[in-house]
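Participant: structure for the following, please:
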Amino acid sequence: QVQLVESGGGLVQAGGSLRLSCAASGRTLSLYAMGWFRQAPGKEREFVARIYWSSGSTYYADSVKGRFTISRDNAKNTMYLQMNSLKTEDTAVYYCAADSRGVGFAYWGQGTQVTVSS
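Facilitator: Numbering: from 1, shown residues only. Model (predicted):
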């Protein structure tokens with residue numbers, strides 16, 4: 001089992017920045033990848049970014065490419081999402097997720113609200 005706790009959400013004006021954190025605990029030695037997803041009101045949950053735990057390789061949704069940066073600190077078992085140039089359409093609940101042993105994102109955090117005002 002892997003437990004995930006997100007932090008860092010809040011209210012920011014358009015054009016501003018926020019940094020989300022996701023701390024993992026439990027069977028972290030088995031981590032294969034971690035990712036960020038988001039769900040806006042009335043919409044389905046969507047992929048935002050992913051990072052492979054060993055290599056550090058990253059992938060982004062086109063909607064956030066060039067504005068968001070995913071990173072990790074292996075020693076702290078923590079993943080980050082630096083969000084710059086925020087837009088109102090980035091408003092959503094952001095969830096972190098963990099893929100243990102490459103079988104898919106089976107572990108999820110509780111979510112943190114990000115609200116971008118115009």
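Participant: pLDDT wise, what is the most centrally placed residue in the chain at?
Facilitator: Geometric centre of the chain, nearest residue: W36, 2.7 Å, by CA atoms, centre = their mean. What the model reports for W36 is a pLDDT of 98.
Participant: which non-adjacent residue is nearest T112?
Facilitator: Residue nearest to T112 in three dimensions, not counting chain neighbours: G9, with 3.4 Å by CB to CB, 6 or more residues apart in numbering. All C-beta spots, glycine's among them, are computed from the backbone N, C-alpha and C.
Participant: for that neighbour, which residues are in contact?
Facilitator: L18, L20, Y94, T112, Q113, V114 (CB atoms under 8 Å, 6 or more residues apart in numbering).
Participant: 7 Å instead?
Facilitator: The neighbourhood of G9, defined by CB atoms under 7 Å, 6 or more residues apart in numbering, consists of L20, Y94, T112, Q113, V114.
Participant: in helices, which of those appear?
Facilitator: Using DSSP state H, the subset of the contacts of G9 located in helices is empty.
Participant: ramachandran angles for the residue nearest to T112?
Facilitator: Here is the backbone geometry of G9 (degrees, to the nearest 10): phi -70, psi 170.
Participant: measure it to Y94 for me?
Facilitator: Distance, G9 to Y94, using CB to CB, to the nearest Å: 6 Å.
Participant: so which helix or strand takes in V103?
Facilitator: Per DSSP states H and E: V103 is located in neither a helix nor a strand.
Participant: and for the one 4 residues further on?
Facilitator: Taking DSSP H and E as the criterion, Y107 maps to strand 105-108.
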